[in-house]
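**Q** 3D, please:
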Amino acid sequence: MRLIDAPRREIDDAPGCSWRGLMVDLARDFHEFPVLLEYVDLCRFYKIRTPAPAFHGRSKSYTLPSRAFPRLSTPGRSYTEEEIRELVAYAARRDVLLMPEIDVPGHCASFAQGYGDVFGTDGIICQSEQSMACMEALFRELCGMFPNSPYIHIGGDEATISKWTECEKRLPPAARAAWTSMRTLHARGAGTSWLSFCMLPSSAGQPRRSCPAGGLRWSGRASALRSTR
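**A** Below you'll find the predicted structure:
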């Protein structure tokens, strides 16, 4: 063994950014449960504090369990309640903060297939009194599954919001204003923060790009959805 004699030094090692995330699209590319635990270990090793597992999106599958809407879960491509509890505990022991995502109101094929009479079948979750109450119940359920997560992600991109103006079940104007700005479907309340994505317009010939609306446009609060523990 060769020894190297070096002057005494202090190494100050810290991440350059306070928000360090990793998006894992489980709806498009489903992973077996042990792989999720490997992702947590990977994030811990590289000091990525906030992985963002997308449990629903791109109209591919809905990978979370749901007691409120059991037909949402895609057969063969969804996790059990026990697995989600183990994932949450595993991440907590390693100081990794999960930010779960359910992408709405677009990318909603699973909603249409399982509960078209509730959420609509026009490629976007309809803006009815019933559908909004059901979305609130679904996000309440999500917060209950991830009690350590101060953030949830609601997607919001690639939604054909013009469909809302054509829907016969849409809420009256006053109620619509309380629920959405016609740009983002969001949940009411105060406590757990939520993030959404929007598309910025192109400039100087550059293509449109996606950005976190919570950081650049506005942010909201959704803690009333957090289940009591």
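
**Q** Which strand runs longest in the protein?
**A** strand 50-57 (DSSP state E).

**Q** Neighbouring strands - and their directions - for that strand?
**A** strand 21-25 (parallel), strand 61-62 (antiparallel), strand 101-102 (parallel) (DSSP bridges).

**Q** quick one, which of these is packed in tightest?
**A** strand 101-102 (a mean of 26; mean count of other CB atoms under 10 Å). Glycine gets a C-beta too; all of them are placed from N, C-alpha and C.

**Q** got the buried residues for whatever helix or strand comes next after that one?
**A** Note on strand 101-102: by DSSP states H and E, the next helix or strand toward the C-terminus is helix 109-119. Using 16 or more other CB atoms under 10 Å as the test for burial, helix 109-119 gives 109-112, 114-115, 118-119.

**Q** any idea which of those residues is closest to Gly156?
**A** Nearest to Gly156 out of the buried residues of helix 109-119 is Phe111 (CB to CB; 14.8 Å).

**Q** Next one: the closest one from Ser149, what distance?
**A** Noted for Phe111: a distance of 22 Å to Ser149, by CB to CB, to the nearest Å.

**Q** Let me have the strands paired with strand 50-57 in a markdown table, adding mean pLDDT as columns.
**A** Compiled in a markdown table, those are given as follows (pLDDT from 0 to 100):
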| stretch | mean pLDDT |
| --- | --- |
| strand 21-25 | 90 |
| strand 61-62 | 92 |
| strand 101-102 | 92 |
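
**Q** Dump the ones you listed into CSV; add distance to Thr80 as well.
**A** Listed next are the strands paired with strand 50-57 as CSV, based on distance: least, CB to CB, whole Å:
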stretch, distance to Thr80
strand 21-25, 18
strand 61-62, 14
strand 101-102, 17
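
**Q** what's the closest of those strands to Leu87?
**A** Across the strands paired with strand 50-57, closest to Leu87 is strand 21-25 (CB to CB), at 11.5 Å.

**Q** center of this protein - which residue?
**A** Closest to where the C-alpha atoms of the chain average out (CA atoms, centre = their mean) is Glu101, at 1.4 Å.

**Q** what does the model give the nearest residue to that residue once chain neighbours are set aside for pLDDT?
**A** Computed as CB to CB, 6 or more residues apart in numbering, the closest residue to Glu101 that is not its neighbour in sequence is His153, at 3.6 Å. Per-residue confidence (pLDDT) for His153: 88.

**Q** mind checking how far His153 is from Ile11?
**A** His153 is 34 Å from Ile11, by CB to CB.

**Q** go on, Arg71?
**A** Distance, Arg71 to Ile11, by CB to CB: 54 Å.

**Q** State the phi and psi torsions of Leu97.
**A** phi -100, psi 120 (degrees, to the nearest 10).

**Q** picking up where we left off before, the more surrounded of His153 and Ile11?
**A** His153 (25 against 4; other CB atoms under 10 Å).

**Q** Quick check: what element follows the longest helix belonging to the chain along the chain?
**A** Scanning the chain for the helix with the most residues, using DSSP state H, yields helix 129-145. Using DSSP H and E, the helix or strand that follows helix 129-145 in sequence is strand 151-153.

**Q** what kind of secondary structure is Leu87 in?
**A** Secondary structure for Leu87, judged by DSSP: H, G, I helix; E, B strand; the rest coil, is helix.

**Q** My guess is it contacts Val35. True?
**A** No. If you go by CB atoms under 8 Å, Leu87 and Val35 don't touch, sitting 10.9 Å apart.
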